[in-house]
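In: Mind folding the following:
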Amino acid sequence: MSSPLHLDSLQLAYDTPRGPHTVVDGFSLDLAAGEIACLFGPSGCGKTTVLRAIAGFEPVRAGTIRLGDALLSSPQKHLPPEQRRVGMMFQEYALFPHLSAAKNVAFGLRRLGRAAQQTRVAEMLALVGLAEAGERYPHELSGGQQQRIALARALAPSPALLLLDEPFSNLDGGTRERLTAEVRGILKKAGQTAILVTHNDAEAHAMADRIGVMHGGRVTHWLETAA
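Out: Numbering: from 1, shown residues only. Down below sits the predicted model:
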């Protein structure tokens with residue numbers, strides 16, 4: 001089940017020979033369950049660093065990250081990525097070429113019995129509109145289809161939050177435009193809380209409920225969309 005996300009006054013920094021280099025400072029966000037937000041801005045503005053911190057790949061220097069009632073990160077606590085119930089979808093589809101679409105979707109369901117796995121995989125393939133493609137291999141799928149399988153795999157374990165890092169940047173313009181609308185519809189149908197990172201303005205407006213415009217490690221303002 002999706003959960004609300006609360007980021008309070010985050011500070012994120014990298015260690016350098018000259019001392020810590022602050023990348024994100026004073027970053028706060030409240031995201032309701034089922035809401036899709038976008039962090040929008042140029043390369044180097046800190047948006048991907050925020051995503052990595054939420055996923056558990058970057059420590060927090062100050063502030064807190066909470067998902068539902070769970071404290072994920074603070075200067076005193078760091079929950080490992082595998083315990084966060086956070087799913088991720090990247091611009092590289094990262095599908096296993098030697099596994100069928102169905103087995104790719106099932107990859108994160110190894111704790112379930114075989115029957116439960118098969119049921120969940122069928123549900124996810126139907127959700128992304130590829131119910132008949134389960135036995136096909138990644139090289140037999142178009143780029144858009146591969147991305148939908150990657151989305152099905154990310155959603156299969158029922159993450160409380162889904163993070164999408166430039167997920168459409170490897171697609172051509174027409175496919176990107178079509179798939180952006182499709183993925184928003186899929187996420188809304190699933191009631192999935194999600195954060196998208198992109199520097200594509202049209203993609204941000206088509207996908208998100210709210211857009212946080214980032215510059216220099218901070219959100220300068222929020223935009224409501226008509227999506």
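In: okay, and for this structure, where does confidence drop off?
Out: Applying pLDDT under 70 to the chain flags the ranges 1, 91, 93, 226-227.
In: Which strand or helix spans the residue nearest the centre of it?
Out: The centroid of the chain falls nearest to residue 163 when counting by Cα atoms, centre = their mean (1.4 Å). According to DSSP states H and E, residue 163 maps onto strand 161-165.
In: Tell me the helices and strands packed up against that strand.
Out: helix 47-55, strand 86-90, strand 194-198 (3 or more Cβ pairs under 8 Å, 6 or more residues apart in numbering; DSSP states H and E). In this view, the C-beta of every residue, glycine as well, is placed from N, C-alpha and C.
In: where along this structure do the helices fall?
Out: 47-55, 101-105, 114-127, 143-155, 173-190, 201-207 (DSSP state H).
In: now for the shortest one, which elements pack on it?
Out: Applying 3+ Cβ pairs under 8 Å, 6+ apart, one finds that helix 101-105 makes contact with helix 114-127, helix 143-155.
In: Out of the helices and strands packed on strand 161-165, which is the most enclosed?
Out: Burial of the helices and strands packed on strand 161-165 is given as mean neighbour count (mean count of other Cβ atoms under 10 Å); strand 194-198 ranks first at a mean of 26.
In: Quickly run through the sheet partners of that one, with directions.
Out: strand 36-40 (parallel), strand 161-165 (parallel) (DSSP bridges).
In: Quick one: distance of the first one to the chain centre.
Out: Taking Cα atoms, centre = their mean, to the nearest Å, one finds the center of strand 36-40 at 10 Å from the center of the full chain.
In: And the contacts of that strand?
Out: Strand 36-40 has contacts (Cβ atoms under 8 Å, 6 or more residues apart in numbering) with 29, 31, 47, 50-51, 184, 187-188, 192-199, 201, 204, 207-214, 219, 227.
In: For ChimeraX, write the selection for the buried entries among the residues you listed.
Out: Selecting the buried subset of those in ChimeraX, with 16 or more other Cβ atoms under 10 Å as the burial test, is done by:
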select :29,31,47,50,51,184,187,192,193,194,195,196,197,198,199,204,207,208,209,210,211,212,213,214,219,227
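In: on that earlier part again, to residue 159, which of the helices and strands packed on strand 161-165 lies closest?
Out: strand 86-90 (3.5 Å; Cβ to Cβ).
In: relative orientation of the closest one and helix 143-155 in degrees?
Out: 170 degrees (axes from the mean of the first three to the mean of the last three Cα atoms, to 10 degrees).
In: so how far is residue 140 from residue 174?
Out: 21 Å (Cβ to Cβ, to the nearest Å).
In: List the contacts of residue 211.
Out: Shown in contact with residue 211 (Cβ under 8 Å, 6+ apart): 37, 38, 40, 204, 205, 222, 223, 225.
In: give me that answer again for 10 Å
Out: By Cβ atoms under 10 Å, 6 or more residues apart in numbering, residue 211 lies in contact with 37-41, 196, 198, 201, 204-205, 219, 221-225, 227.
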